[in-house]
Structures are given as C-alpha cells and as structure tokens.
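Undergrad: A predicted structure for the sequence below; I have some questions about it.
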Amino acid sequence: MNGIYRDYLLDHYKNPRNSEKLNNPDISLDNSNPLCGDKVHLELKFDKQFKVIGVAFAVSGCVMSTASASLLSEAIKGKSKSDIEKFNQKTVFDLIGIKVSPGRLDCVLLPLKVLYLALERIKQK
Amino acid sequence: MDKFLKIKKQFPIFNNQKGLVYLDNAATTQKPQVVLDAGQDFYERFNSNIHRGIYGLSELATEKYEQARWKTAKFIKAADAQEIIFTKNATEAINLVAYTWGEKNIRAGDEILVSVAEHHSNFVPWQQLAWRKRAVLKIISVDNNGFVTKENMIKQLSDKTKLLAICHVSNALGTVMPLKEIIGAAKKSGVRVLIDAAQSVVHLPINVCKLDCDWLAFSGHKMYGPTGIGVLYGKKELFMDMPPFMFGGGMIKEVRLEETDWADLPQKFEGGTPPIAEAVALGAAIDFIEKLGFDGIEKYEDDLLSYGLSKLSAMKEVIIYGPKNCRNCKGIISFNLKNIHSHDVATLVNDKDVALRAGYHCAQPLMRALGTSATCRISFSVYNSREDIDRLIVALEYALSVLK
C-alpha cells in the first residue's frame, strides 16, 4: 500500500506530462516555495481565441507538487483563458483525487498559485 | 542498559499506538504514566488556586506548585528558587526577556548576537527587538559541522555588543555548542548571555551557576512534561531590575488608581493564574529524569545516536547534515535521501508507522546556510531503541523503492 501515493500520482511524478518547454510561449514564469524547496516553471501559449494551445509545467519538487502540476497541465490544455480563470483549489483537489493532509496542502497548491500569477501577468499585458 | 529497554512500558501512548516508531522527540516527547498521574492527581486531590486562598486546600496547592519550582531550581543547579519563573513554554520565556530586559536596556546602535543555527524562537524575538530599537542584529556563522565556535562568536563581538542569545544544542543538527568557552569570552566583554536549552535539558545535566549564563529557557513538553509549561531561569539581580512582562493579578503588591507596586520575585513575572497542574507534572518529569540519572541517559542515547549514524551512513542514498560522528552531539540526526524530497520521505515512512519530521525545523536561516531548504530529522529519547532505527532503515528502503 502506498498510503496517499496512489499509482496514478506516482506515475505523474515519474512521468510528468507537458513538461517540455514551448517554442515562443506567450507567458513564462517561475515561482517557488522557499520553505520546502519546490520550484515551478510555467509556460503558456494561446491561440487568437485565447484558447490554450501549449502548456509546460516543469517542477523540481516533491511528489505532490509535481503530480499536481502534471494533472493541472492536462486540465489546462485546450481550455479558454476564461475557463482557466475559474480554476480553484477544488479543481486541484478533484484532480488529485485523494484527501490531502494539511502538511501537504502547500505542495499540492503551488502549481495553481503559479497559474494564478501567470493569469495576473496576462491581464497586465 | 537493561532498564532502558523496559522504559517504553512506562509510556502509555505506545500501548495505544501499537507498532509506532516515534522519532520526533525534538518536536515533543511522550509522557510517562508518572507525569500523567501527577497532573491528574493534582486535579483530583489538590486543585485550588494558589498563593491567595486562606484555606487548607489552597495552601496544599500552593505547596505543590512551589515544590515544583524548587525541584526545577535544583534540577538546573540554580542558587535560588526565586530565579525560576514558570512560563507557558521556552518561546514565551525568551520573549519575556526581549520585552522586559531588552526594551529597557537595548538602545539604537547596540548590537545583539545570535547564531545562524537558532530556532526561530531564539532568533525572531531578537530580530524584532533590534528592529524596534534600531539596534544591530549580528549573526554568528557555524563551522562546517554545524558548531558555533568561540572564534566565530568573537568575530562578531564588539564594544557595542550587549547580548548574546544562543542555543545549547541545535534542534536541527544536534550539535552541542561549547558554551563554557563561548560564554567565558562573551562575559569578558561584559555581554549578557541567554541560553536556549530546549533541546539540551532532556539529554544532559545543566548547571546554570557553572555556565554563568544570565538567562536560560526551556519547555516542559520536550522533557517528558506536559505542554503549557516552560521555564525561564535568570540571575536574581537581573530579575529584580527587569520590569514585569504580563500585568494583572498575582504579580502585584498593591494597586492604587494611578499606580501599582509589583510583587516580589518570582511572582512579579507570573501574572494571572499560572499552569499549576502543568508545573506539578513538570516536577514529576524532573523526578523521572533524575531517577534514570543522566549518566545512564547519556550512555544510552549516545549509543543510539552512534548506531543511527552508522546505519544511515551505510545507505548510499543518504546525505547527513552536520557531524558524521557523534562527538559533541545529542540525540538528533538531520539527513536527506538524494533527489527525494523530505516531505515525500516522511509521508512514505509514515506508511510503515515511522514518525519523523521533514521540513525546515523552525530554523530557516540554518537551512539556507546548509544549502538546503528542508531535511528529514530523527530525534531520540529514552524509549527509543536500536530496533526503532532498524525499522527506520527498512522504511527508508521502502520509500526509495516507491519513488525511484
């Protein structure tokens, strides 16, 4: 039994989806949680209708932050900017699929935090 | 050695959490039945408020509380029970000094020395005091093994230094700082010294007179006592000069409309109803430790530390922080598994009922100085055994098998 580390989470950790850098992303940013060392790099590319045609999440961190980023990247692809703006903590918890203990919440939510920062950056452009 | 192998039976939690390998004693220790009984017994037979009642039960309760104070004084070889103030924990004890002696004596341009290895509770109060007073906070670095040396301390010393605040044992690395020589050098320059003994008081005997520190702080819950009780030792003449910290009942002699006279020591610093039952239980924890004797405790725990270090060092994926041998170390090992996040290690070993700590251990400046952001930490107590370490190793192998 892997406790909270279900097979699909470990799969996303060992084989993170959409982790390859994009060509000419519209947005590229980095963030980290200095308290635990998790680092997230996010790139997004949109088409003219503001639909996501490219996403890259590269995480150097624990199973939860890496799996969360990988799952989130799959959820983002093909969605419109306005769809993504509605993503929230529940979105992430539904993707993770298991109850996350308080001690791991920051790990799981870090990719979402970076996504919010990216959306803010886009608004400012 | 034999009596240590049987000690676990005295701790009821291990009956309720069967199979638990508890290796997070630096965070808090488990409680022996005698300590639990002492607190319960107080409530069942002696409970009353203290110091003011004029009836038998109150006098008994006061006697029990003051006996705990006397026991604490004797435990750390303080000259006088009036030099023992009960607080709620070590953090409050340190803040008490920062807000009273600190506010009264630190001025703009003065220097306060802390080490980079301090727990946040002995770092942030001084950082904030320096900020409030426009004083300068200077940081003493540790050597490659995680020790604060006299030489490193002297590098930061100047004629503006007013205070040195330093831990006895690092909560992240287990390194025992050479306090005698550090305090000796500080005293030569007329510097006041506060010692954070939260991680040392349970592992080795403390003699505040020999140390010649001005204040010393520790928490009951890290030495088999309950939560909610801490101790601030301070030299009597300093306590007499320091203004009160918490104002209210119990710490006054006379209250007039415009002004108030303070109570004598130690009540001056114990405003409000104190944690009475907790103090009594702390006294029972002191009895427990003294019955085992530090000679036996040190021998047993040093053997565990040595065994732990050798088993961990034998795993090629393990990185150990701090000294790789246990000379001048007590009870703690910080490590990581290569390329594996400490949070993942802690989560996975938990599947095997092993409790260890992962993170920055309330010591972010030290983590940065070590070049990491988080480590796994194991910390020993008298109810741990070599078998616990063997189970830890099995759990770490399991973690590696899941994540590699």
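TA: The structure has been received and is ready for your questions.
Undergrad: what's near enough to touch the residue of the stretch 1-150 of chain B found nearest chain A?
TA: Across the stretch 1-150 of chain B, the shortest distance to chain A (CB to the nearest CB) belongs to B:His120, at 11.9 Å. Placement of C-beta: from N, CA and C, glycine included. Contact partners of B:His120, counting by CB atoms under 8 Å, 6 or more residues apart in numbering or on different chains, are B:362-364.
Undergrad: between the residues you listed, which sits nearest chain A?
TA: Nearest member of the contacts of B:His120 to chain A, counting by CB to the nearest CB, is B:Gln364, at 7.1 Å.
Undergrad: what about that closest one, neighbour count?
TA: When counting by other CB atoms under 10 Å in any protein chain shown, one arrives at 16 neighbours for B:Gln364.
Undergrad: A:Leu35 is in contact with that one, correct?
TA: Yes: between B:Gln364 and A:Leu35 a contact is recorded at 7.1 Å, counting by CB atoms under 8 Å.
Undergrad: let's verify B:Gly53: helix, strand, or coil?
TA: Assigned by DSSP: H, G, I helix; E, B strand; the rest coil, the conformation of B:Gly53 is coil.
Undergrad: quick check: pLDDT value at it.
TA: pLDDT, B:Gly53: 83.
Undergrad: for the spatially closest residue to it that is not a sequence neighbour, give its distance to B:Tyr65.
TA: In space, and not counting its chain neighbours, B:Gly53 is closest to B:Glu59: 7.1 Å by CB to CB, 6 or more residues apart in numbering or on different chains. Relative to B:Tyr65, B:Glu59 is positioned 11 Å away (CB to CB, to the nearest Å).
Undergrad: over to B:Glu387?
TA: For B:Glu387, the distance to B:Tyr65 - CB to CB - is 40 Å.
Undergrad: helices of chain A, start to end?
TA: A:7-14, A:63-76, A:81-85, A:89-96, A:105-124 (DSSP state H).
Undergrad: pick out the residue nearest the middle of chain A.
TA: A:Ala69 (3.0 Å; CA atoms, centre = their mean).
Undergrad: read off the pLDDT value for the nearest residue to B:Asn350 once chain neighbours are set aside.
TA: What sits nearest to B:Asn350 in space, not counting adjacent residues and going by CB to CB, 6+ apart, is A:Gly3, at 6.7 Å. On pLDDT, A:Gly3 comes in at 70.
Undergrad: which residues does A:Gly3 contact?
TA: B:347-348, B:350-351.
Undergrad: let's go with 10 Å and repeat that
TA: A:98, B:347-352, B:402 (CB atoms under 10 Å, 6 or more residues apart in numbering or on different chains).
Undergrad: secondary structure element for the residue of chain B positioned farthest from its centre, which one?
TA: Counting by CA atoms, centre = their mean, the extreme residue of chain B relative to its mean C-alpha position is B:Leu257, 40.2 Å from that point. For B:Leu257, there is no helix or strand it lies in under DSSP states H and E.
Undergrad: do you know the pLDDT at it?
TA: 95.
Undergrad: swap in B:Glu254?
TA: 95.
Undergrad: ok so it is a helix residue?
TA: No: counting by three-state DSSP, B:Glu254 is not part of a helix but strand.
Undergrad: may I have the beta-bridge partners of it?
TA: B:Asp261 (DSSP bridges).
Undergrad: do the same with B:Thr175
TA: Applying DSSP bridges to B:Thr175, the residues it is bridged with are B:Cys329.
Undergrad: for it, which residues are in contact?
TA: Counting by CB under 10 Å, 6+ apart, B:Thr175 has contacts B:117, B:142-143, B:145-148, B:167-169, B:199, B:322-323, B:327-330, B:332.
Undergrad: then B:His51?
TA: B:58-59, B:61-62, B:65-66, B:249-250, B:263, B:267, B:270, B:273-274, B:276.
Undergrad: filter those down to the buried ones, PyMOL style.
TA: Applying 16 or more other CB atoms under 10 Å in any protein chain shown to the contacts of B:His51, the buried members can be selected in PyMOL as follows:
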select buried, chain B and resi 58+61+62+65+250+263+267+270+274+276
